[in-house]
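Chemist: Okay, sequence plus prediction incoming.
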Amino acid sequence: MAGTNGKQKTARDMILSMGIIILVAGFVYLFIPHDDSAPEVKAVDYRVELLTARRAASYPVAAPEGLSDAWKATSVRFRGDEYDAWHLGFHDPEGEYVAVEQSTQRRPVFLDEATQGAHETGKTEKIDGDTWMRYEGGRYDALVLEGTKGSTTVVTGTASFAQLAKMAGALQTK
C-alpha cells in the first residue's frame, strides 16, 4: 500500500500547482494593462531619401505633393544598385496601404513584383493628363503610368482605386 499513498500525493500536488498557475495567470490578465486598439502609425520623413534618389536615379523620381496630413509616409528606400528602385509607402486616411514604386528593371518583372502579381484589366484612367493602366490582384490593386521610357511608375496597394488615383494625381517629379 505504500505505492498508493505516493501516487495520491503526486496527483494532489499537481492539482494544487495547476490552481496556483491559473490564479497567477488571472492576476496578470486583470491587473497588467493591455491595449487592444491598433498601434498608432509612425510617420517617416522621406525628404533626404527623395533628394538623394532624385540626384542618383536615371529617371525623374516621383513623390506626392499637396496631400492632407492624414496621409502618413511609413516607408522609404532608394536602391541605386537594384535598377534605381524607388519605394515610398503611405498609410492613407482610410487606413489602407498605398505605395509609389519606380524602377528601371524590365517592365514585366518589375510590374509583377510591385503589384504582387496583379493583372492588367485593359481599363485606363486619365489623371492630370496622364494615362494610367488599371491592374487588379488578390492582394494589391495598382495604377501603372503609360508612355514612360526608361523607367516604370506604379501606384499600388490595398487602397481603393479612388485613393490610388488621388496619390497618382499628387505625384510630382520636380
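Modeler: That came through fine.
Chemist: Please work out how many residues are found near residue 53.
Modeler: Look at residue 53: counted by other C-beta atoms under 10 Å, it has 25 neighbours. C-betas here are computed from N, CA, C, even on glycine.
Chemist: What is the least confident helix or strand in the protein?
Modeler: Sorting the helices and strands of the chain by mean pLDDT, DSSP states H and E puts helix 2-31 at the bottom, at a mean of 81.
Chemist: right, and the helix or strand after it?
Modeler: Downstream of helix 2-31, the next assigned helix or strand under DSSP states H and E is helix 47-56.
Chemist: List the contacts of the following helix or strand past that next one.
Modeler: Where DSSP H and E defines the elements, the next helix or strand beyond helix 47-56 is strand 63-64. Contact with strand 63-64 is made by 46, 50, 71, 88, 90, 100, 167, 170-172, as judged by C-beta atoms under 8 Å, 6 or more residues apart in numbering.
Chemist: Could you report the neighbour count for residue 80?
Modeler: That count, for residue 80 with other C-beta under 10 Å as the rule, works out to 14.
Chemist: give the contact list for it.
Modeler: 56-57.
Chemist: again, only using 10 Å
Modeler: 52-53, 55-58, 86 (C-beta atoms under 10 Å, 6 or more residues apart in numbering).
Chemist: For it, what are phi and psi?
Modeler: phi -70, psi -30 (degrees, to the nearest 10).
Chemist: and which of the contacts of strand 63-64 is nearest to residue 32?
Modeler: Residue 32 lies nearest to residue 90 out of these, by C-beta to C-beta, at 34.2 Å.
Chemist: give me the number of residues near the closest one?
Modeler: Around residue 90 there are 27 residues (other C-beta under 10 Å).
Chemist: so is it in a helix, a strand, or just coil?
Modeler: At residue 90 the chain is in strand, as set by DSSP: H, G, I helix; E, B strand; the rest coil.
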